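Enquirer: Compute the structure for the input listed below.
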Amino acid sequence: MKKSLLIDCSLGLASDMLVAALLDITGKKDEILHELQLKICNNMTLNADCANSYERQGLVFKAMSDDFICGHGHIGHCHSSLSDVLNFIDGTQFSAFVKDSAKAVYDVIAAAEAKVHGATKDTVHFHEVGQKRAIACIVCACALFEKLAADEVVFSHINMGYGTVQCAHGEVPVPAPATAVILEGIPHFYSGDIAPCELCTPSGVALAKHFASSFIAREDMQKRLNDGDILASGIGLGRRDIGVANGIICYLLR
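Expert: Numbers count the residues shown, from 1 in each chain. The predicted model follows:
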């Protein structure tokens, strides 16, 4: 029987929220989190806690490390290369599918960064997305997509938020330049009825770009939910207070 994974990101899309939602939908949070912890290696600590965001109750996922990947041997805001990121991924104990998927997601990010900075993928420097916790989120998301083994993955149109965001290069409009490049060809929209903030991150969009079978409007997603047999659902929450529930809802249908 065909299984479909529907991902509602009408209130944001970030890699940590996606991991939390996919973990929640399994119904085996502790068991699978333990498995992820054993395989992530790289001196990472993972946790997922129950939380509330206005009317929603779900999971908040966090990957923690004492340092960033840094070729210069110091801790703090440092640059990491695509090679550094690939070494982290290769240092995990996940399957070839998970490693290859995570590398493909970072290839999307690297191509976007290269376009923005007039560089090549091999010479770009990652800032926020090069932190070990960011890489761990992407790897864990890939592992959960593998575990759920859906025949299709359908994302809603993506809510960008609005306003500005602070990044390594200063304050920039939402979406940040690399995020805007990754979003090319992906349906998205701006939401002005929440607190001004970035709701969509480059890692979240890159995961969607790699795994999505299609993108559909929220009303079309609701129709599919009404017509289908919902096997499970999961909610992954963000940590921002935007005035409404902040997070992703996933549904597994047949």
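Enquirer: residue contacts, the nearest residue to A217 once chain neighbours are set aside?
Expert: Distances taken as Cβ to Cβ, 6 or more residues apart in numbering put H157 closest to A217, at 5.8 Å, once the chain neighbours are dropped. All C-beta atoms are positioned from the backbone trio N, CA, C, and that covers glycine. Contact partners of H157, counting by Cβ atoms under 8 Å, 6 or more residues apart in numbering, are 10, 187-189, 215-218.
Enquirer: Then C140?
Expert: Counted by Cβ under 8 Å, 6+ apart, C140 has contacts 19, 36, 40, 46, 61, 63.
Enquirer: And the furthest pair within those?
Expert: The span of the contacts of C140, defined through Cβ to Cβ, is set by I40 and F61 at 12.2 Å.
Enquirer: one step back: and the residue nearest to A217, how far from R218?
Expert: Here the criterion is Cβ to Cβ, to the nearest Å. By it, H157 lies 7 Å from R218.
Enquirer: shared neighbours, these two?
Expert: With Cβ under 8 Å, 6+ apart, H157 and R218 have common neighbours S10.
Enquirer: Identify the residues contacting A178.
Expert: So A178 contacts 109, 112-113, 116, 202 (Cβ under 8 Å, 6+ apart).
Enquirer: tell me the centre residue of this protein?
Expert: S15 (1.7 Å; Cα atoms, centre = their mean).
Enquirer: isn't that one right up against C142?
Expert: No - at 10.0 Å, S15 does not count as touching C142 under the criterion of Cβ atoms under 8 Å.
Enquirer: Pull up the overlap in contacts between these two.
Expert: In terms of Cβ under 8 Å, 6+ apart, S15 and C142 are both contacted by the residues L207.
Enquirer: Quick one: the helices in the stretch 101-250 of the chain, in order.
Expert: Per DSSP state H, counting those that start in this stretch, the stretch 101-250 of the chain carries helices over the ranges 132-148, 177-182, 202-211, 218-227.
Enquirer: Please render those as a markdown table that adds distance to G247 to the earlier fields.
Expert: Listed next are the helices of the stretch 101-250 of the chain as a markdown table, based on distance: least, Cβ to Cβ, whole Å:
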| stretch | distance to G247 |
| --- | --- |
| helix 132-148 | 15 |
| helix 177-182 | 18 |
| helix 202-211 | 12 |
| helix 218-227 | 15 |
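Enquirer: looking at the ones you listed, which is closest to R56?
Expert: The closest of the helices of the stretch 101-250 of the chain to R56 is helix 218-227. By Cβ to Cβ, the value is 15.8 Å.
Enquirer: Need the CA coordinates for that closest one. PDB is fine.
Expert: Taking C-alpha atoms only, helix 218-227 is exported to PDB below (Å, rounded to 0.1, in the frame of the first residue of the first chain):
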ATOM      1  CA  ARG A 218      -2.300  24.300   1.800                       C
ATOM      2  CA  GLU A 219      -6.000  23.900   0.700                       C
ATOM      3  CA  ASP A 220      -5.000  21.100  -1.600                       C
ATOM      4  CA  MET A 221      -3.100  19.400   1.200                       C
ATOM      5  CA  GLN A 222      -6.200  19.700   3.400                       C
ATOM      6  CA  LYS A 223      -8.300  18.000   0.700                       C
ATOM      7  CA  ARG A 224      -5.800  15.100   0.600                       C
ATOM      8  CA  LEU A 225      -6.000  14.800   4.400                       C
ATOM      9  CA  ASN A 226      -9.800  14.800   4.200                       C
ATOM     10  CA  ASP A 227      -9.800  12.100   1.500                       C
END
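Enquirer: what does that helix rub up against?
Expert: The contact list for helix 218-227 (Cβ under 8 Å, 6+ apart) reads 4, 6, 8, 10, 154, 156-157, 216, 251, 253.
Enquirer: so what strands line up beside whichever strand or helix holds L252?
Expert: Element membership for L252 (DSSP states H and E) is strand 247-253. If you go by DSSP bridges, strand 247-253 pairs up with strand 4-8 (antiparallel), strand 230-237 (antiparallel).
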